[in-house]
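Q: coords below, sequence missing:
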DNA sequence: TAATTAATGAAAATGATTGTCATTAACAAT
DNA sequence: ATTGTTAATGACAATCATTTTCATTAATTA
């Protein structure tokens, strides 16, 4: 496929190239159409997409992009900290753009270990940010980590599952 | 196999039957040797065991117990909240006895998204405990969950991976 | 002790993810 | 703009953790 009219403009947000251009080039990675398409999909949703979800979405616009490439790109994005990969115990990994804990869409999960139901919650975020900032600071110093994101999940039983058996 | 001398006493801790007897019977589940053996293994380690890890350990004493049963038992234990299942992104689920957030061995993880290295940390600042307590209270009320445990993981790049590429 | 039925184990099936390898296309140098 | 270099891709096969199937066994009840 060739660049030009007819092809959707990727990552447009009204002002120049998307922020990930720099990141890619800076690391010496090539900025390919599949990679852009995948980042584009991720940047336009707040869902927790699996590799196949992404494949299907990307496939609508670029039918030539294969599932293998999706997996490889996701791995690359995780490695560079550009996306965040997590798991709810349903056997498939989920992904979201890691804009960091300060971003608008930041949330955590309440997972029912009985039926697998997931509740997103955004309560308590303010206090959380301050606490995490300090924890992060301590940990990154002590263990020499550059911390990029965090995951908080509460596990328990939802109403239905509490009354089972 | 028959109960009696020669067979290791399961779950011994110096005083009567292990705590999980009640839990099992109360739910109408049968207390079988495989289940006891698996709980016994879990109760004697602080490691994050995979299904196969558990299978291998159990297998030393009870070679007849199959991997399938380990999977089935782990599922049951997760369902009833007796164990906690989590994932570090290496493709296999890990398990630990969920004695709850107040127990001695309670810890969280620092995960390097570059190389998969895991660091356990137990440095909790007081505020963390307080924040979690309040969050738990709020969420369990708001969403009608009985919260049993929580998971906090920080993701980032370890020293080595920061300097890659 | 026998009857009932949940629990088990072996083997096959599933399904997400990863490896292989010939082909394509980004980017740098011209 | 064209070409050369080599990373990136896509189709397909392979892997491997987990589930399903089904005939057998054993924990509890009558």
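A: Here it is on my side, so go on. Since the structure is predicted, the reported quantities are computational estimates derived from the model, not experimental observations. Residues are numbered from 1 along each chain as shown, chains lettered A, B, ... in the order given.

Q: Residue A:67 touches residue A:56, doesn't it?
A: No. Residue A:67 is beyond contact range of residue A:56, at 9.4 Å (criterion: C-beta atoms under 8 Å). Just so you know, the C-beta spots here come from the backbone N, C-alpha and C atoms, and that holds for glycine as well.

Q: so what's in contact with those two at the same time?
A: Where contact means C-beta atoms under 8 Å, 6 or more residues apart in numbering or on different chains, no residue is in contact with each of residue A:67 and residue A:56.

Q: what residues are up against residue A:90?
A: Per C-beta under 8 Å, 6+ apart, neighbours of residue A:90: residue A:116.

Q: switch to 10 Å and redo it
A: Residue A:90 makes contact with A:50, A:111, A:116, A:118, according to C-beta atoms under 10 Å, 6 or more residues apart in numbering or on different chains.

Q: what about the helices in chain A?
A: A:20-27, A:33-43, A:51-61, A:67-79, A:125-143, A:159-162 (DSSP state H).

Q: any idea which of these is most buried?
A: Among those, helix A:33-43 has the highest mean neighbour count (mean count of other C-beta atoms under 10 Å in any protein chain shown), at a mean of 21.

Q: and residue A:141, what pLDDT?
A: At residue A:141, the pLDDT value in this model is 93.

Q: Repeat that for residue A:6.
A: 33.

Q: now do residue A:49
A: 95.

Q: Stretch A:129-141 and chain B, any residue contact?
A: Yes. Against chain B, stretch A:129-141 shows contacts by C-beta under 10 Å from any C-beta of the partner chain at A:130, A:131, A:132, A:134, A:135, A:136, A:138, A:139, A:140.

Q: What are the buried residues along stretch A:107-124?
A: In terms of neighbour count (16 or more other C-beta atoms under 10 Å in any protein chain shown), stretch A:107-124 has its buried residues at A:108, A:109, A:110, A:111, A:112, A:113, A:114, A:117, A:119, A:121, A:124.

Q: Tell me the bridge partners for the residue sitting nearest the centre point of chain A.
A: Against the mean C-alpha coordinate of chain A, by C-alpha atoms, centre = their mean, the closest residue is residue A:96 at 1.3 Å. Beta bridges link residue A:96 to residue A:84, judged by DSSP bridges.

Q: quick one: contacts for it?
A: A:42-43, A:45-49, A:83-86, A:103, A:105-107, A:149.

Q: DNA strand C versus the nearest residue to residue A:67 once chain neighbours are set aside, what's the distance?
A: Among residues not flanking residue A:67 along the chain, residue A:55 sits closest, at 4.8 Å (C-beta to C-beta, 6 or more residues apart in numbering or on different chains). Distance of residue A:55 to DNA strand C, given as C-beta to the nearest atom of the strand, to the nearest Å: 9 Å.
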